[in-house]
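Asks: need a 3D model of the following:
(chains A and B)
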2 protein chains.
Amino acid sequence: MRNGELHIVSTGNQQPEEFAKIAGDIHPYITAIHIREKHKTAKEIYQMIKRLLDNQVPASKIIVNDRLDVAHVMKVCGVHLAYHSLPVDEVKERFPDLRVGCSVHSLEEATLAQKQGADYAFFGHVFPTKSKPGLAPRGVEQLRSILSSVSIPVIAIGGIKPGNVNEVMEAGAKGVAVMSGVLEANQPLVKAKEYVSELII
Amino acid sequence: MRNGELHIVSTGNQQPEEFAKIAGDIHPYITAIHIREKHKTAKEIYQMIKRLLDNQVPASKIIVNDRLDVAHVMKVCGVHLAYHSLPVDEVKERFPDLRVGCSVHSLEEATLAQKQGADYAFFGHVFPTKSKPGLAPRGVEQLRSILSSVSIPVIAIGGIKPGNVNEVMEAGAKGVAVMSGVLEANQPLVKAKEYVSELII
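Replies: Numbering: from 1, shown residues only, chains lettered A, B, ... in the order given. As a prediction, the model looks like this:
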């Protein structure tokens, strides 16, 4: 038996107070909460992290998208890099205390992430998702092929619902990442627990 | 006799190649070159710095606006913070090797910057400038009043031309910051030298 990881990623649509309230409720059940707010300034992200900490979310569960300066200043655990971010290897070298993840969309990108020292990778989108309208999902088969080629933990993202968690876990994913599926659910805490119960394999 | 500082600040309008070409020509005559590109990603700023270094601009003269993670990764000398950036005191504590400056627009902001440990401040805009249309300039008198109240170096910015450099230097500024006045001049090197010759008082 193993417990898969549950990463919750902010949607960019919620008010900071609402997001922090939900994070404060669900944090004991999740592995990490990602602040992925592409249109927010450094100061706004800094203030969001303060709200999370005020709501008892442990710094060891907070991951910041792109802005590793904010992550470093706030002493949170990690940073998640995108295609427009700094290169993984340079970040690992200069911010050795940060857990560094990145988003990958192909075997080539996954291999490069591993080579550059990424601590984990997000792969997606695996299933159809309203946040990527019109873009064909990459599917569980491609996930499986990546998992057979890299050894770093791979987290599945994109259209993950409690009903398809088992499929990606059986394929060998380390866990799943969820955005609106939890954060925009009627009862986020209930939904988070539902995911958690599916993550035990 | 003292030599005032000449800071050149990118306009956000130039192609990275053009900016790097000019920086490569003028760097021996200036104190610092600031990369202030609010709409560029971390990776794009990183690539701009690489171009500057390729053009022999010393890292000790490069200052990055807002993105201290990029500054830290690229081992350049400093970061310039704006109102939407991380707080000066937190940055100083967590990035002790970076020279940290910030923009101030009043005596209150200048005093706070000093208290928080800023290494220098930009004050402006001093004179009318096309980059702040319709906004009244703050003027040399307000600059003078700030200079009498804080001890950190203050650099005047906004509408600085060779013909008014002397006025701000006489008021006690440590130097001036120029954007289009050099970068969009027909002959940037000639213009930079013109400013330098006015900065000796």
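
Asks: relative to residue B:47, how far out is residue A:108?
Replies: Applying Cβ to Cβ, to the nearest Å, the value for residue A:108 to residue B:47 is 21 Å. Any C-beta I mention is one placed from the backbone N, CA and C, and that applies to glycine too.

Asks: look at the two and report which has more neighbours.
Replies: Comparing residue A:108 with residue B:47 by other Cβ atoms under 10 Å in any protein chain shown, the one with more neighbours is residue B:47, at 14 against 10.

Asks: so which bits of the longest helix seen in chain A are buried?
Replies: When chain A is parsed with DSSP state H, its longest helix is helix A:42-54. Under the neighbour-count criterion of 16 or more other Cβ atoms under 10 Å in any protein chain shown, helix A:42-54 has A:42, A:43, A:45, A:46, A:48, A:49, A:51, A:52, A:53 buried.

Asks: again, but for stretch A:96-111
Replies: Neighbour-count burial for stretch A:96-111 flags A:98, A:99, A:100, A:101, A:102, A:103, A:104, A:105, A:109, A:110, A:111 (criterion: 16+ other Cβ under 10 Å).

Asks: low pLDDT regions in chain A?
Replies: Along chain A, segments meeting pLDDT under 70 span A:1.

Asks: okay, now residue A:77: neighbour count?
Replies: Neighbour number of residue A:77 under other Cβ under 10 Å is 16.

Asks: the closest residue to it other than its chain neighbours: neighbour count?
Replies: The shortest distance from residue A:77 to any non-neighbouring residue, by Cβ to Cβ, 6 or more residues apart in numbering or on different chains, is to residue A:60 (4.9 Å). Neighbourhood size, residue A:60 [other Cβ under 10 Å]: 11.

Asks: wait, a strand at residue A:60?
Replies: No - assessed with DSSP: H, G, I helix; E, B strand; the rest coil, residue A:60 is helix; it does not lie in a strand.

Asks: and the contacts of the longest helix of chain A?
Replies: A:16-17, A:19-20, A:23-24, A:33, A:35, A:37, A:40, A:59, A:62, A:64, A:67, A:69-70, A:73-74, A:76, B:66, B:83-87, B:90 (Cβ atoms under 8 Å, 6 or more residues apart in numbering or on different chains).

Asks: switch the cut-off to 6 Å
Replies: For helix A:42-54, the external contacting residues (Cβ atoms under 6 Å, 6 or more residues apart in numbering or on different chains) are A:16, A:20, A:23, A:35, A:62, A:67, A:70, A:74, B:84, B:85, B:86.

Asks: after whichever strand or helix holds the third one, which helix or strand is next?
Replies: Using DSSP states H and E, the secondary-structure element containing residue A:23 is helix A:16-26. Towards the C-terminus, the helix or strand next in line after helix A:16-26, according to DSSP H and E, is strand A:32-35.

Asks: mind listing the strands that next one pairs with, and their directions?
Replies: With DSSP bridges as the test, strand A:32-35 is paired with strand A:5-9 (parallel), strand A:62-65 (parallel).

Asks: mean neighbour count added to these, as JSON lines?
Replies: Converted to JSON lines, the strands paired with strand A:32-35 look like this (neighbours: other Cβ atoms under 10 Å in any protein chain shown):
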{"stretch": "strand A:5-9", "mean neighbour count": "23"}
{"stretch": "strand A:62-65", "mean neighbour count": "24"}
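
Asks: ok, back up a step: just send the contacts of helix A:42-54 back as CSV, with distance to residue B:197 too.
Replies: Compiled in CSV, these are given as follows (distance: Cβ to Cβ, whole Å):
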residue, distance to residue B:197
A:16, 51
A:20, 55
A:23, 57
A:35, 49
A:62, 52
A:67, 41
A:70, 42
A:74, 46
B:84, 36
B:85, 34
B:86, 37
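
Asks: closest to residue A:124 out of these?
Replies: Proximity of the contacts of helix A:42-54 to residue A:124 (Cβ to Cβ) peaks at residue A:35, which lies at 18.1 Å.

Asks: need the contact list for the closest one.
Replies: Counting by Cβ under 6 Å, 6+ apart, residue A:35 touches A:10, A:45, A:48, A:64.

Asks: out of those residues, which comes closest to residue B:197?
Replies: Nearest member of the contacts of residue A:35 to residue B:197, counting by Cβ to Cβ, is residue A:45, at 43.6 Å.
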